[in-house]
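[1] Kindly return the folded structure for what I paste below:
(4 chains)
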There are 2 protein chains.
Amino acid sequence: MAVLGRLKRLSRLVDAETGRTFNAHGLDAASFDVLATLRRSDAPHRLTPAELMRASMVTSGAVTQRLDRLEARGLVRRSPSASDGRSVVVALTDAGRALIDEALPDHIATSAGLLAALTQEERDMIAATLRSLLESLGDGKD
Amino acid sequence: MAVLGRLKRLSRLVDAETGRTFNAHGLDAASFDVLATLRRSDAPHRLTPAELMRASMVTSGAVTQRLDRLEARGLVRRSPSASDGRSVVVALTDAGRALIDEALPDHIATSAGLLAALTQEERDMIAATLRSLLESLGDGKD
DNA sequence: GTGAGGTACCTCACCGCTAAGGCAATTGCG
DNA sequence: CGCAATTGCCTTAGCGGTGAGGTACCTCAC
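    Prediction:
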């Protein structure tokens, strides 16, 4: 199956290319992922670790470590949940928000560049096909 | 760009699913990758670490470690190159060949299952689109 | 109210990969 | 030929992830 092989190769190439953009802003893919997910969330841009875990498809241990790193850099802040004593609320700090707002446009430009070889029809087609594949494999939303 | 996000999610799901198949044969993705690459190569199924590195898109250090693990399990054998004193030739042992010959059909079945939701036209289309994307990004062959 | 089970997050040992660098052999320019 | 640059592989430190397991808290039927 040439499809899966190409999928994997492409995914690696995309990771490498987007990684360069992240580095240019002092980030790595994991940190960008968390900050961008927080930024995309509805105001006031707060999520729990469990929500971040679902969004990023990594384990809870990975989320803890990502947040440790981001918190040490002052980019996010953890505070106890008011409504659930087990839970934690993660918020972007001003610095975190400034950084992700600076990095996001670059990332979008990089992404667009990676797809520059495709026509609009091809993009629509591949987006739809990937979507139906994801659905068939039980990936809830997207 | 929904395309890249879906691409990444799909790649992770595919990795998880194929990983289960590998585990069922006592392998992981890295080991399977090496054994399958050797098996696919022209008879007598021998490659150098440099060739394996190019095929797998990992660094030379990763290839060394993969080969260390496989050699310790008796699945591949390293021998000095006759023509180049710096180089090494990696060959499947009988055990390695038997194992990959047992695992490959399962992997092919798993791969087919992952694409079961697509029609033949969709598969052809996505294969062609991924190919043109890879070419546009400078991925030589495939 | 209480105990069982589930949920949320964290901790830790381990794993494979990268990146940087080292050694030895080969290539090829002058 | 001689020496610098290149090539091929290995080594190692460090990183981020997984998976298993721990603690604290919540829920709910009884």
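[2] Count the neighbours of the spatially closest residue to A:E135 that is not a sequence neighbour for me.
    Nearest non-adjacent residue to A:E135, counting by CB to CB, 6 or more residues apart in numbering or on different chains: B:A117, 7.7 Å away. From N, CA and C alone the C-beta is placed, and that goes for glycine too. Using other CB atoms under 10 Å in any protein chain shown, B:A117 is surrounded by 14 other residues.
[3] Scan chain A for its longest helix.
    Longest among the helix segments of chain A by residue count, using DSSP state H, is helix A:2-24.
[4] Helix, strand, or coil at A:G138?
    Following DSSP: H, G, I helix; E, B strand; the rest coil, we place A:G138 in the coil state.
[5] Once you drop chain neighbours, what's closest to the residue positioned nearest the centre of chain A?
    A centroid search over chain A (CA atoms, centre = their mean) returns A:D33, at 3.0 Å, as the residue closest to the centre. Leaving aside its chain neighbours, A:D33 sits nearest to A:S56 (5.3 Å; criterion: CB to CB, 6+ apart).
[6] shouldn't the one you found be in contact with A:L38?
    No: using CB atoms under 8 Å, A:S56 makes no contact with A:L38, being 11.1 Å away.
[7] okay, now A:M53: neighbour count?
    So A:M53, with other CB under 10 Å, has 18 neighbours.
[8] hmm, back to that, neighbour-wise, which of A:S56 and A:L38 wins?
    Of the pair A:S56 and A:L38, A:L38 is the one with more neighbours under other CB under 10 Å, namely 23 against 17.
[9] how near is the more buried one to A:P80?
    Between A:L38 and A:P80 the distance is 17 Å, computed by CB to CB, to the nearest Å.
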